[in-house]
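> sequence and predicted structure, then a few things I'm wondering about:
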Amino acid sequence: MESQSSNSSVVGVYDSSLSAGLDIAQYYLSNSVKGSTKQQYDRIYDIWRNFCRENDVEEFGGDHKPLVACLSFVMMQSGSYAKVEMLRAAIAHEYRIRMLSSPTTHETISVLFRGFKNAHPHERQARLPITEEILIKMCAQLYQPIHGRDGLLASVVLWRTIWRICLEYHTLGRFSDIVKLKRQDVIYESSPSPHLKIIFKGGKNDQYSEGSERVVAAHPDSQSCPVKLTINYFQFLGPSYVGYLVPSCTPQNKPNPEKAVPYSGALSDLKKLLTSLGYDSSLYGEHSGKRGGATSAAANGATDKQLKRLGGWRSDSMPAKYVDLSVPSRILLSELLHKKSHP
C-alpha cells in the first residue's frame with residue numbers, strides 16, 4: 001500500500017493533459033535506440049536535412065518521391081548500400097519520434113533498395129582477426145622503456161585501446177559490452193588460480209541468464225597476459241578510479257571516468273595503433289578482437305558448443321562465422337593436424 005501511494009504521488013506530479021502525454025511519449029521514443037546508434041543517425045541525417053533545404057522540400061512531408069531521389073543520389077555517389085540503409089533508418093527514426101507516417105515504408109522504397117543491390121553487387125570482405133602475435137606487439141609497444149615501469153607513463157589512448165582489444169580477444173566480448181565496463185565490473189581473484197571475473201551488464205552476450213559473467217585465466221608465460229595487463233592498467237588508472245574502463249579523455253588527456261569512448265573514436269585508435277605496428281589497418285575492424293579469440297580457441301580444439309557458450313551466441317551457426325578461414329588460418333589448422341599425427 002505504501003508503494004502504491006508513493007507511485008500515485010509521482011504520477012500526480014505530471015500534467016495529465018494530452019499534450020503533456022505526447023511530450024513524454026516523444027522523450028521515450030527518442031530513447032528507443034542506443035546512444036551510439038543515435039550518434040550515427042545524427043551524423044548521417046544531415047544528408048537528408050541538407051537535401052530538403054537545397055531542393056525546397058518539406059523535411060517531414062508524406063511524399064516518398066523526394067526520399068527516393070535523395071537515397072538514389074547517395075547510392076550513386078557513394079556506392080555504399082550500408083550508407084543508404086543507415087540513412088533510411090535515421091530518417092525513419094526522426095519520423096517515429098514525431099509520431100508521423102514515414103515515407104520510408106512506401107513500397108517503392110523497398111523496390112528501390114532491391115535495385116541498389118542488383119546494380120551495385122558487393123560481397124562484404126570479412127575483417128582479419130587480431131592474432132596472438134599482434135597482441136604481443138601491442139604489449140611490447142605499451143611496455144617500451146619510454147613508457148616507464150609497467151607502462152605507467154603511457155597515454156590513456158594507448159592503454160584503453162590495448163586493454164579493450166585484449167579483453168575482446170579473451171572474452172569474445174562485443175565492443176558495446178566492453179565499453180560499458182566500470183572498475184567494479186572487473187574483479188581479480190587469486191584462487192583457485194589467478195584469473196579475472198568480468199561481468200557484462202545488459203548486453204547481447206547474456207543469452208543464458210547468468211549475468212554474462214566471463215572468467216579470464218592468467219597466462220604467466222605470455223607477453224600479453226590479460227591478467228597482468230589488467231593489474232597494470234588498474235595501477236595506471238589509480239586506486240581511487242571507479243569509472244569507465246574504456247574512457248574518453250579530458251582536455252588534460254586524463255581518463256574521464258564519467259564518459260566512455262565512442263565507437264568511432266575507439267575504431268580510429270585501433271587503426272592508428274595497427275598502422276604504427278606495420279599492419280594494413282583497413283583489413284581490421286570492430287570484431288577483429290572477438291574474431292581473433294574465436295579463431296585461436298577453435299585452433300586449440302574448442303568445439304562449436306564451447307565457442308557458443310563462451311561468446312554468448314544464441315545461434316548454433318554464429319560461432320563458425322567468427323572463426324577465420326583465410327589461407328594463413330587454414331594452413332595453421334593443417335599444421336596442427338600434422339602435429340597430432342606425428343607426435
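Structure received. Residues are numbered from 1 along each chain as shown.
> how close does residue 61 sit to residue 41?
19 Å (CB to CB, to the nearest Å). (Glycine included, C-beta is placed from N, CA and C.)
> of those two, who's got more company?
residue 41 (18 against 13; other CB atoms under 10 Å).
> so what pLDDT did the more buried one get?
At residue 41, the model reports a pLDDT of 91.
> same check, this time on residue 106
pLDDT, read off for residue 106, is 94.
> quick check on it: phi, psi?
Dihedral pair for residue 106: phi -60, psi 140, per degrees, to the nearest 10.
> I figured it hits residue 65, correct?
No. Using CB atoms under 8 Å, residue 106 is not in contact with residue 65; the gap is 9.3 Å.
> which one's more surrounded, those two?
residue 106 (17 against 12).
> got the contact list for the closest residue to the more buried one other than its chain neighbours?
In this structure, residue 106 finds its nearest non-sequential neighbour in residue 64, 4.0 Å apart by CB to CB, 6 or more residues apart in numbering. Residues in contact with residue 64 (CB atoms under 8 Å, 6 or more residues apart in numbering) are 103, 106, 108-109.
> pick out the most distant pair among those residues.
Farthest pair in those (CB to CB) is 103 and 108. Separation: 8.8 Å.
> and those two? which has more neighbours close in?
More crowded of residue 103 and residue 108, by other CB under 10 Å: residue 103, with 21 against 12.
> so which strand or helix has residue 256?
strand 255-260 (DSSP states H and E).
> what sits up against whichever helix or strand comes after that strand?
Once the chain leaves strand 255-260, the next helix or strand it forms, by DSSP H and E, is helix 263-276. Helix 263-276 is contacted from outside by 36, 39, 134, 138, 141, 157-158, 160-162, 164-165, 175-176, 179, 246, 248, 261, 280-282, 284-286, 288, using CB under 8 Å, 6+ apart.
> just checking, next helix/strand downstream of the longest helix seen in the chain?
Looking across the chain with DSSP state H, the single longest helix is helix 35-54. The C-terminal neighbour of helix 35-54 among helices and strands, as given by DSSP H and E, is helix 65-78.
> which helices and strands does that next one pack with?
helix 35-54, helix 81-97, helix 107-119 (3 or more CB pairs under 8 Å, 6 or more residues apart in numbering; DSSP states H and E).
> so what does the shortest one touch, helix or strand wise?
Put plainly, it is helix 107-119. Partner elements for helix 107-119 (3+ CB pairs under 8 Å, 6+ apart): helix 65-78, helix 81-97.
> give the buried residues for that helix.
Buried positions in helix 107-119, judged by neighbour count with 16 or more other CB atoms under 10 Å: 109, 112-113, 116.
> likewise the first one?
By neighbour count, with 16+ other CB under 10 Å as the criterion, the buried positions of helix 35-54 are 37, 40-41, 44-45, 47-48, 51-52.
> check the gap between the residue lying closest to residue 58 once chain neighbours are set aside and residue 69 for me.
Leaving aside its chain neighbours, residue 58 sits nearest to residue 52 (6.9 Å; criterion: CB to CB, 6+ apart). According to CB to CB, residue 52 and residue 69 sit 11 Å apart.
> ok, residue 88 next?
With CB to CB as the criterion, residue 88 and residue 69 are 13 Å apart.
> look at these two and report which has more neighbours.
residue 88 (23 against 13).
> break this protein into its domains for me.
Per automatic domain parsing, the structural domains of the chain span 18-119, 132-341.
> would you work out how far apart the start and end of the first one are?
As for domain 18-119, its first-to-last residue distance stands at 48 Å under the measure CA to CA, to the nearest Å.
> and if you look at stretch 274-282?
For stretch 274-282, the first-to-last residue distance is 9 Å (CA to CA).
> now do it: distance to the chain's middle.
Mean-position distance between stretch 274-282 and its chain equals 20 Å (CA atoms, centre = their mean, to the nearest Å).
> now do stretch 70-80
On CA atoms, centre = their mean, the centre of stretch 70-80 falls 26 Å from that of its chain.
> buried sites along that stretch?
For stretch 70-80, a neighbour-count test (16+ other CB under 10 Å) marks 70-71, 74-75 as buried.
> is residue 279 in a helix, a strand, or coil?
coil (DSSP: H, G, I helix; E, B strand; the rest coil).
> if I look at residue 14, what pLDDT would I see?
As predicted, residue 14 sits at a pLDDT of 56.
> then residue 329?
pLDDT at residue 329 comes out at 55.
> again with residue 49
Looking at residue 49, the pLDDT reads 95.
> ditto for residue 178
Confidence score, pLDDT, at residue 178: 92.
> starting at the chain centroid, how far to stretch 27-43?
15 Å.
> same question, stretch 78-96
On CA atoms, centre = their mean, the centre of stretch 78-96 falls 19 Å from that of its chain.
> circling back: between the contacts of residue 64, which is nearest residue 220?
residue 109 (57.1 Å).
> now the residue nearest to that closest one when sequence neighbours are not counted: how far from residue 110?
Closest residue to residue 109 apart from its sequence neighbours, by CB to CB, 6+ apart: residue 64 at 6.4 Å. For residue 64, the distance to residue 110 equals 11 Å [CB to CB].
> residue 72 too?
Remark: distance between residue 72 and residue 110 (CB to CB) = 14 Å.
> equivalent analysis for residue 218, please.
Applying CB to CB, the value for residue 218 to residue 110 is 52 Å.
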